[in-house]
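1. coords please:
(chains A and B)
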Amino acid sequence: MSQRRVSHSQSRPSASRQVIEDDEEDLSFTLPSSSQVQRGMDRLTSAEVDRKVAEVVQFILIKDQKKVPIKRADIIKNVIKENRNIYPEIMKKVNMTFEKVFGLKLVEIDVKNHAFILVNNLEQVTDRLASMNPAHPKTGLLFVILSVIFMKGGAVKEAVVWNTLKKLRVDPGERHEEFGDVKKLLTDEFVRQKYLEYARIPHTDPPEHEFRWGLRAESEVSKTRLLEFVAQLHEKEPQNWPKQYKEATTSDARSSQAS
Amino acid sequence: MSESSRSANQQNGVRGRGGDSEEEDDEEEMLLGGPSATQEDDDEDPAQRRQIRHQYRELINCVQQNREDMLNPSNNKLTEVLVEANKLFANVRQAREAALDAQFLVLATDLGKEKANQLHADGSAFDPSAFAEHLLSFMGLNRLEEDDGMEDAAGGGYLPEDAWLRLAHRAGSCFRKAPTFHFMLGSFLAEPPPPRQRVERQRKAPSKEVKRIMPTQLKKMEESQQEATEKEVERILGFLQSYHNENPELPISYYEFVIDPQSFSRTVENIFHISFLIRDGLAKIYLDQNKLPCIDLCCSAGFAPVPREEAEATSSSSRQQCVISINQSSWREIIEAFDITAAMISSSAPTESASSQ
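-> Model prediction:
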């Protein structure tokens, strides 16, 4: 069991973050109080602080290449190092930089374990030619799986996913031309990137698993747009699925509130 | 021991087993699924207990095997199974059987939850198979129109190569994906610089040899320079002394002494060497009654002050300096004026005295 430690010198932190640390990895780190931050800032020149901010930004940009969530512990250990007493101030500036300079957003998808991802802050363009993002076939595959999960209420048994993919000429038992080892792609890569969750269903023998949306998918994917496209494919209106429609609109409202 | 356990079980009022006073209310208890509380000694009977356990295990097994069946929303099998278990529990007296009952309960609740979830989703009528068909059309499936009907399980036709890419482009707008950081002009593979040691070694070898030659040459030059001057000065002193000895009273004209009518450069050298003699106090220059410079030996070397040309000839207390200059035209004038035909200081060493023009 991991320890629970409450930072006694904690006054109101800048962002509404958890104070209690019960993560194994950054047991050594508790958020500094605002007075500690102030003292730390007084000791450094603004140029030094800016330099640290730039280093953190660069670190995150490169770490994001693999699309695996970035741990706060890694940021502190590798970049911030001895300046951890002004961590909140640095991160505040980092967030600002990402938003104002890159049009990206640093989202803490795992508040308990403190993991971040980068998300696009700009309005996504539907038009294929106008879109700046290069498309990857994996995105199409991921879309299919996420739609099925969403339309089926948030969790599906893996058998449903495999059967659907088989109909699309993607057989998890065989090596696919474009995707290679499909089973590994879904249960390993997408899970590590936090697009999917692959959880064991209890009391099943032989063991069965179900797929759910991962934490990254929750932050990155617009349910409204997803439903729109699904509806378009069915040549129906999104309102045709009232439960999903409601879920999509409330979910998007929630995420736009949070930003 | 048995008595206390019985009373404990009696307190298990949930399943309808009340105390002795409620024995008359059999009907109610029947509805709840529990038999009337006939206080027999069946809680002691190991055979019955075994029976109960067996029945529980069978029930659990049955549920696990027919899981799909249980989940089917069209039947009430899950409820039936729960009723079964309830009946069984009525006979449970001891912890061991109760544990099995608990195990079953967990299984049943999980199923119940799943069934409820299904109910929730099915209401919206989403069929993954139909969805797949729509997707295939979007991706540009070319359905072959063949009368043979050679459609395999996956359906006829073939997908174009860019099928998934096409889907990815359209679906991409659903994702707020951050563009991946990459270098615009690509990166390069840094290689260590090729070893430069060879060049350095080659350079070192010749430089050593060059140095060796230098010292020998230098030594010679230094010796010659120093000696030459001293020797000349001494030689000139010698001349001065010999002339003085010949005619002690006769003053020597400075110009006649110095000038070499054959060579201007020698003349200059003579002036230079004589200046050393004067500096050292071995000779002196003074003006005679005709205001012409004359040179004479000093009485005691090193101490006697040397008068200047313009200074009064008699004064010998102060040391004075002057600068003597001569150029070629003056040199020729003096030769003519004094009618100098031969040098009083003859040239000695084989140093090249190229007569300068």
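2. use CA for all of it now, contacts and neighbours both
-> OK.
3. A:Val230: neighbour count?
-> By the measure other CA atoms under 10 Å in any protein chain shown, the count of residues near A:Val230 is 23.
4. name the element it belongs to?
-> Using DSSP states H and E, A:Val230 sits in helix A:223-234.
5. so who does the closest residue to chain A within chain B touch?
-> Nearest residue of chain B to chain A: B:Ala168, at 4.0 Å (CA to the nearest CA). Residues near B:Ala168 by CA atoms under 8 Å, 6 or more residues apart in numbering or on different chains: A:Ala135, A:His136, A:Pro137, A:Lys138, A:Thr139, A:Gly140, A:Leu141, A:Phe143.
6. okay, it: pLDDT?
-> Among the per-residue scores, B:Ala168 shows a pLDDT of 90.
7. leaving out the residues flanking it, which one is nearest to it?
-> The shortest distance from B:Ala168 to any non-neighbouring residue, by CA to CA, 6 or more residues apart in numbering or on different chains, is to A:Gly140 (4.0 Å).
8. what ranges does the stretch 151-300 of chain B have for its helices?
-> Applying DSSP state H, counting those that start in this stretch to the stretch 151-300 of chain B gives helices spanning B:163-171, B:197-246, B:254-258, B:264-279.
9. now, of the contacts of B:Ala168, which are buried?
-> The neighbour-count criterion (16 or more other CA atoms under 10 Å in any protein chain shown) marks A:Ala135, A:Pro137, A:Lys138, A:Thr139, A:Gly140, A:Leu141, A:Phe143 among those as buried.
10. so how far is chain B from A:Asn95?
-> A:Asn95 sits 14 Å away from chain B, going by CA to the nearest CA, to the nearest Å.
11. pretty sure that residue is in a helix, no?
-> Yes - counting by DSSP: H, G, I helix; E, B strand; the rest coil, A:Asn95 is found in a helix.
12. helices and strands around the helix or strand containing the residue nearest to B:Ala168, which ones?
-> Using DSSP H and E, A:Gly140 sits in helix A:137-151. Using 3 or more CA pairs under 8 Å, 6 or more residues apart in numbering or on different chains; DSSP states H and E, the elements in contact with helix A:137-151 are strand A:155-157, strand A:209-213, helix A:223-234, helix B:163-171.
13. quick check: which of those is nearest to B:Ile340?
-> With CA to CA, the closest approach to B:Ile340 among the helices and strands packed on helix A:137-151 belongs to helix B:163-171: 115.8 Å.
14. confidence score at the closest residue to chain B within chain A?
-> Going by CA to the nearest CA, chain B is nearest to A:Gly140 of chain A, at 4.0 Å. pLDDT for A:Gly140: 93.
15. quick one: it and B:Ala171 touch, right?
-> Yes - the criterion here is CA atoms under 8 Å, and A:Gly140 meets it with B:Ala171 at 6.3 Å.
16. check the secondary structure at B:Ile345 for me.
-> For B:Ile345, the assignment made with three-state DSSP gives coil.
17. tally of neighbours for it?
-> By other CA under 10 Å, the residues close to B:Ile345 number 19.
18. weakest of the helices of the stretch 151-300 of chain B in terms of mean pLDDT?
-> Lowest mean pLDDT within the helices of the stretch 151-300 of chain B: helix B:197-246, at a mean of 67.
19. show me how far the helix holding A:Gly140 is from its chain's centre.
-> Averaging C-alpha positions (CA atoms, centre = their mean, to the nearest Å) puts helix A:137-151 16 Å from its chain's average.
20. what's the angle between it and helix B:163-171?
-> Comparing the axes of helix A:137-151 and helix B:163-171 via axes from the mean of the first three to the mean of the last three CA atoms, to 10 degrees yields an angle of 60 degrees.
21. put the alpha carbons of helix A:137-151 into CSV.
-> Written as CSV, here are the backbone C-alpha positions of helix A:137-151 (Å, rounded to 0.1, in the frame of the first residue of the first chain):
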residue,chain,number,x,y,z
PRO,A,137,-4.7,4.6,-41.5
LYS,A,138,-4.5,3.7,-37.8
THR,A,139,-6.7,6.6,-37.1
GLY,A,140,-9.4,5.0,-39.3
LEU,A,141,-9.1,1.8,-37.4
LEU,A,142,-9.2,3.5,-34.0
PHE,A,143,-12.3,5.5,-35.1
VAL,A,144,-14.2,2.3,-35.9
ILE,A,145,-13.4,0.8,-32.5
LEU,A,146,-14.2,3.9,-30.6
SER,A,147,-17.5,4.4,-32.4
VAL,A,148,-18.7,0.8,-31.7
ILE,A,149,-17.8,1.2,-28.0
PHE,A,150,-19.6,4.6,-27.8
MET,A,151,-22.7,3.5,-29.7
